[in-house]
Structure formats: structure tokens, C-alpha cells
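S.K.: How does the following fold in three dimensions:
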Amino acid sequence: MPDPLLLLTVLAAVAAGLWAWRRYHYPSFWLAVGFPLMALSVRASWRRVALGCGLTKKRQRWWFTLTPGAVASTGLVKVRRRFQRVAVDTKPFMWLPLPTRYGWRVTLWTLEGQIPGDYADAAERLAHSWGVHAVRVSSPRPGRVVLMATMRDPLVKVDYLPPSPDLLKVTVGRLETGKPWVVDFRIVPHWVNAGATQSGKSNLANALIVGLSPQPVALVGFDLKGGVEFTPYAPRLSALATSRAESVTLLDDLVGLMVDRMGLCRQAQARNIWQLPPALRPVPIVVLVDELAELYLMADKSEKDEIARASTALLRVAQLGRAFGIYLFCCGQRIGSDLGPGVTALRAQCSGRICHRVNDPETANMTLGDLDPAALVSARAIAAETPGVAIVASQDGQWYRARSFHVSEQTAEHAARTHAHLAPRWDEITAHLPQAVNA
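M.R.: Coordinates of the predicted model:
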């Protein structure tokens with residue numbers, strides 16, 4: 001017989017080795033050990049999990065049965081064959097689970113009458129049944145549902161990622177899928193970024209400053225906090241407005257630039273500035289707006305005309321700016337329909353949506369309500385102790401949980417000073433505009 005002490009020593013060494021493997025190189029441990037065990041468990045438990053989550057259906061089926069009947073005179077037993085109709089529980093057909101970086105995914109065939117929303121409603125129950133961190137539901141085509149499970153929250157810690165070398169593309173963090181969170185203004189030109197104080201909204205703006213500063217673009221700031229947010233980055237900004245009156249003047253300049261670039265493209269028979277020869281192509285402009293609500297708040301009727309002028313100009317830039325190299329990134333703590341129809345119209349033009357933790361449901365609904373009800377629920381569940389976590393409407397048409405990596409004000413200020421020589425002068429950019437606009 002084997003020595004019990006030796007056996008215990010071997011078992012302890014194996015357990016310690018597995019713990020160290022999982023602790024220090026989780027990806028390989030997950031693929032070699034964790035995922036095969038999880039895949040077997042998911043397949044084996046699918047029938048009862050689907051039944052418990054209400055994803056099965058009762059169906060009538062014919063079953064072939066053998067019914068014994070005794071014959072007393074001979075002592076023999078006769079077996080009668082017959083069909084009978086019974087009700088059975090039918091579960092959705094499941095393919096084999098496939099591993100992902102932080103968990104696994106599996107494709108299901110929906111039953112008659114089912115929609116992806118049925119699975120989205122059961123996502124939390126599925127996560128608890130399988131003991132995973134979360135289950136996300138998507139539908140790549142009719143009749144198919146993909147369940148994406150994450151074993152642990154990948155957004156607990158987000159390490160800094162190298163900057164993107166592409167123009168107008170900035171890596172700002174990581175998605176819950178493990179992929180980089182990229183803000184690409186060439187694909188999604190205008191963004192709305194909502195978030196309460198200390199939710200990570202300003203940190204995201206810092207990440208954009210750091211990512212865009214080395215690029216050949218003009219940065220324009222609207223800081224309606226009186227300049228306390230963007231003034232430290234002024235060396236890299238081509239223009240900065242710190243009040244609504246200054247904002248109206250700067251927005252008029254942007255509208256004038258847009259009209260001027262329209263004429264340039266029309267003369268060259270180009271649909272946008274990117275079809276112009278490099279020698280004629282004007283510099284792209286990224287407009288950063290902080291505290292968007294301040295542009296629309298009215299203390300008395302004397303401000304009505306100024307608000308209407310600012311709202312109209314900003315909306316025109318959002319509607320037409322993409323083709324002419326003017327892009328918007330609008331931030332605000334409070335973005336609601338009660339601010340006026342201008343905010344609702346602006347929201348409709350901003351296909352990029354980012355919602356951090358917010359203080360009121362109206363802001364979350366204004367940011368994400370027209371995308372997916374599940375995204376709205378996830379946004380309201382963001383905890384206060386997880387700054388930087390947000391719900392993002394990605395450029396692939398889906399929404400994801402994401403988290404920006406930490407970018408301190410000192411880092412952003414250093415980037416602005418280092419690349420100050422790349423900031424085009426605003427008077428040079430607007431040199432072709434009529435004097436009435438420049439004034």
C-alpha cells in the first residue's frame with residue numbers, strides 16, 4: 001500500500017501548484033483546466049437551469065410505450081404496443097461553449113416565440129446558476145442568441161495601454177471583453193459623456209487630452225466652469241471659451257469654418273475633407289465641451305436669445321461637422337430633456353454614448369434610453385466605489401461595460417505642455433473667415 005504521508009504530500013504539492021498556476025498565470029490555467037470543467041458543467045446542467053429560468057416550453061409529443069397485460073389461464077404476460085401523447089419540457093438547443101479571455105460564450109437556438117429579451121431578462125439568474133460574475137446576451141442573427149459569461153470582473157484593475165498611432169483614434173481604457181476601449185472620431189464623430197462628480201468623466205477627458213496632444217489636430221475647449229478644468233491644458237488648446245458669451249463667439253467661428261470648408265470641398269468636388277489632396281486638407285478640430293448643461297440653463301429671460309444662439313450653433317456643428325473635420329465630445333453631470341429641445345436634438349446627432357455613474361435616472365435615460373433597456377439597467381447599477389466604469393455604446397453597434405485607466409491632471413498638463421508646439425493658432429485657422437465672424 002502507498003505511504004499515506006507520501007500521498008498527502010503529493011496531493012498538497014499538486015494543490016499548491018494549481019493554486020500558483022491559477023494565481024500567477026490565470027489565462028493558461030483557465031484554458032487548460034478551468035474552461036474544460038466549466039464547459040462540462042454548463043452542458044450537463046443546461047436542462048435544469050433552463051427550466052429554472054423559465055426558458056423551456058411545454059410541447060406535446062407522441063411516445064411509443066409498451067404496456068404489459070397478464071393472461072391468467074396460461075400464466076403468460078402479453079405486451080401491447082401503443083402510442084400516447086404526453087407533454088414534455090423542451091430546452092433551447094445549445095452548441096458547445098467556447099473559451100474567451102475572461103470566461104466563455106455559447107450559442108443557443110431559440111424556441112418558437114422566444115426573443116433575445118427573454119434571455120436578457122434571465123441573465124442574472126443564469127449568472128447565479130452557473131456561479132459566474134455576469135452573463136451578457138446578444139443576438140447575431142434571428143433565431144440565435146449568444147450568452148457571453150465572464151468568470152470574474154475584468155474591470156477591477158485596468159492597466160495603462162499604449163496610445164494608438166492612428167489619427168483621431170485614442171485608447172482610453174478597456175472593455176469588459178478584454179479588448180481596448182477606443183474612441184475613434186473618424187468612425188463615431190460625436191460623443192455624449194454623462195457622469196456625476198467623481199464618476200470618472202473628467203478622467204476620460206484627461207485621457208483624450210493625452211491621446212490627442214501628439215496628433216496633428218486642433219483642440220478647442222468649452223469650459224463652462226469658468227475655465228478651472230481646461231485652463232491648465234491651454235498650451236495645447238487652439239481656443240478656449242470659459243463663459244457662455246465666449247462660447248457663442250467661438251461657436252460662430254466653428255460654424256463659419258464649417259461653411260468655409262463646405263465651399264472648399266465643393267470646388268474640389270469632394271464629399272468631405274478626407275477626399276481633398278493633403279496639401280489642401282484643413283486641420284481636423286476636436287471640440288471638448290465640459291458642463292454642457294450650462295449652455296442651456298436660463299436664469300432670466302434676458303439670456304434666452306444667447307441660449308438659443310448657442311444651442312443652434314452647436315446643433316449645426318453636430319449635424320454637419322463630421323464631413324468637414326469638426327468633431328464633438330460633450331460632457332455633463334446633468335443631461336436631461338428639461339433643459340430644452342436643443343439638448344434632445346443634440347443627443348440624436350451624437351451616436352457615441354458614454355454613461356458613468358449618474359445621480360438621476362433622467363440623465364441615464366437621456367444618454368442610453370434609446371439604445372437598449374438592459375444598458376440602462378447596467379448604468380444604474382454602477383457603484384460609487386468604481387470610478388471610471390461606464391456603459392459605452394461601441395462603434396460595432398453593441399454596448400459594453402468599460403473602464404478608463406487613470407490619467408492624472410499632472411499627466412494631462414505635462415502632455416499639453418510637451419506638445420504645445422503642435423497647437424495651431426486659432427487666428428490662423430479662422431484667417432479665411434469674414435471679419436464679422438472673426439470679430
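S.K.: Okay, now the unreliable bits of the chain?
M.R.: Judged by pLDDT under 70, the chain has its weakly predicted residues at 1-2, 59-89, 370, 395-396, 435-439.
S.K.: can I see the domain layout of it?
M.R.: 43-150, 169-438 (automatic domain parsing).
S.K.: among those domains, which is the most enclosed?
M.R.: Sort the domains of the chain by mean neighbour count, taking mean count of other C-beta atoms under 10 Å, and domain 169-438 sits at the top with a mean of 19. From N, CA and C alone the C-beta is placed, and that goes for glycine too.
S.K.: ok, back up a step: as CSV, the domains of the chain with distance to Leu11 would be great.
M.R.: Shown next, in CSV, are the domains of the chain (distance: least, C-beta to C-beta, whole Å):
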stretch, distance to Leu11
domain 43-150, 24
domain 169-438, 34
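S.K.: I'd like to know which of the ones you listed is closest to Lys157.
M.R.: domain 169-438 (8.9 Å; C-beta to C-beta).
S.K.: who's in contact with Pro434?
M.R.: The neighbours of Pro434, taking C-beta atoms under 8 Å, 6 or more residues apart in numbering as the test, are Gly256.
S.K.: cool, and Val132?
M.R.: With C-beta under 8 Å, 6+ apart, Val132 has these contacts: Gly103, Ala149, Thr150, Met151.
S.K.: Can you tell me which of those residues lies closest to Arg236?
M.R.: Looking across those and measuring by C-beta to C-beta, the closest to Arg236 is Thr150, at 37.4 Å.
S.K.: quick one: the nearest residue to that closest one once chain neighbours are set aside from Arg47, how far?
M.R.: In space, and not counting its chain neighbours, Thr150 is closest to Gly103: 4.3 Å by C-beta to C-beta, 6 or more residues apart in numbering. From Gly103 over to Arg47 the distance is 21 Å, taken as C-beta to C-beta, to the nearest Å.
S.K.: And for the residue nearest the centre of the chain, nearest residue in space, chain neighbours not counted?
M.R.: Geometric centre of the chain, nearest residue: Val392, 2.0 Å, by C-alpha atoms, centre = their mean. In space, and not counting its chain neighbours, Val392 is closest to Ala402: 4.6 Å by C-beta to C-beta, 6+ apart.
S.K.: beta partners of that neighbour?
M.R.: Ala402 has these beta-bridge partners by DSSP bridges: Leu175, Ala390.
S.K.: Phe405 contacts Asp159, correct?
M.R.: Yes. With contact defined as C-beta atoms under 8 Å, Phe405 reaches Asp159; the gap is 6.7 Å.
S.K.: Find the residues that touch each one of those two.
M.R.: With C-beta under 8 Å, 6+ apart, Phe405 and Asp159 have common neighbours Arg174.
S.K.: For stretch 15-32, measure first residue to last.
M.R.: End-to-end distance of stretch 15-32 (C-alpha to C-alpha, to the nearest Å): 15 Å.
S.K.: Sort out which residues of that stretch are buried, please.
M.R.: Buried residues in stretch 15-32, defined by neighbour count with 16 or more other C-beta atoms under 10 Å: Phe29, Trp30.
S.K.: got it, and stretch 147-162?
M.R.: So, applying 16+ other C-beta under 10 Å, buried residues of stretch 147-162: Leu147, Met148, Ala149, Thr150, Met151, Pro154, Leu155, Val158.
S.K.: ok, residues contacting it?
M.R.: With C-beta under 8 Å, 6+ apart, stretch 147-162 has contacts from 30, 34, 38, 100-106, 108, 119, 123, 126-127, 130, 132-138, 171, 173-174, 176-178, 180, 386, 388-389, 401-405.
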